[in-house]
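S.K.: Prediction below, plus the sequence it came from.
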Amino acid sequence: MGTCSRKERHERIRKSLKGTADRPRVVVFRSNKNIYTQLIDDSVNKVIGNCSTISEDFKAKKIKATNKEAAKEVGKMMAVVALKLGLKEVCFDRAGYNYHGRVQAVAEGLREGGLKF
């Protein structure tokens, strides 16, 4: 397997993933210090919900933002946002990251929150 950047992997993944109004795409972005998620409806190119470790709701929980526990909590918070919007199913877009560590923890949090993908 050749070496390619995360952005190239993300473009390759995006060719097969399309978020719709009834099944939007959940995108994960991780930096060294924080983790961010967005609900995106690709049919109208709109972000319909987001959640991250820099949000006030997360900071009130007093969890360190750079570990898997924080990522799982962000996933649960995103599931609450999606359920408030009346969504039960989403597509999970790992954005070119390996399905491991914090990205996997976000997915587990989404599942625990009641979403299917």
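M.R.: Received it, and whenever you're ready, just let me know what you need.
S.K.: okay, CA-based contacts and neighbour counts for the rest of this
M.R.: Will do.
S.K.: quick one, strands of this protein?
M.R.: 25-30, 35-41, 46-52, 91-93 (DSSP state E).
S.K.: and the longest helix seen in the chain with strand 46-52, angle?
M.R.: Using DSSP state H to assign secondary structure, the helix with the most residues in the chain is helix 68-84. With axes from the mean of the first three to the mean of the last three C-alpha atoms, to 10 degrees as the basis, helix 68-84 and strand 46-52 are set at 140 degrees to each other.
S.K.: Extract the C-alpha trace of stretch 108-117 and format it as PDB.
M.R.: Written as PDB, here are the backbone C-alpha positions of stretch 108-117 (Å, rounded to 0.1, in the frame of the first residue of the first chain):
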ATOM      1  CA  GLU A 108     -19.100   3.700  20.000                       C
ATOM      2  CA  GLY A 109     -20.600   6.800  21.700                       C
ATOM      3  CA  LEU A 110     -23.000   7.300  18.700                       C
ATOM      4  CA  ARG A 111     -24.100   3.700  19.000                       C
ATOM      5  CA  GLU A 112     -24.600   4.000  22.800                       C
ATOM      6  CA  GLY A 113     -26.600   7.200  22.200                       C
ATOM      7  CA  GLY A 114     -29.100   5.200  20.100                       C
ATOM      8  CA  LEU A 115     -28.000   5.800  16.500                       C
ATOM      9  CA  LYS A 116     -27.500   3.100  13.800                       C
ATOM     10  CA  PHE A 117     -25.100   3.100  10.900                       C
END
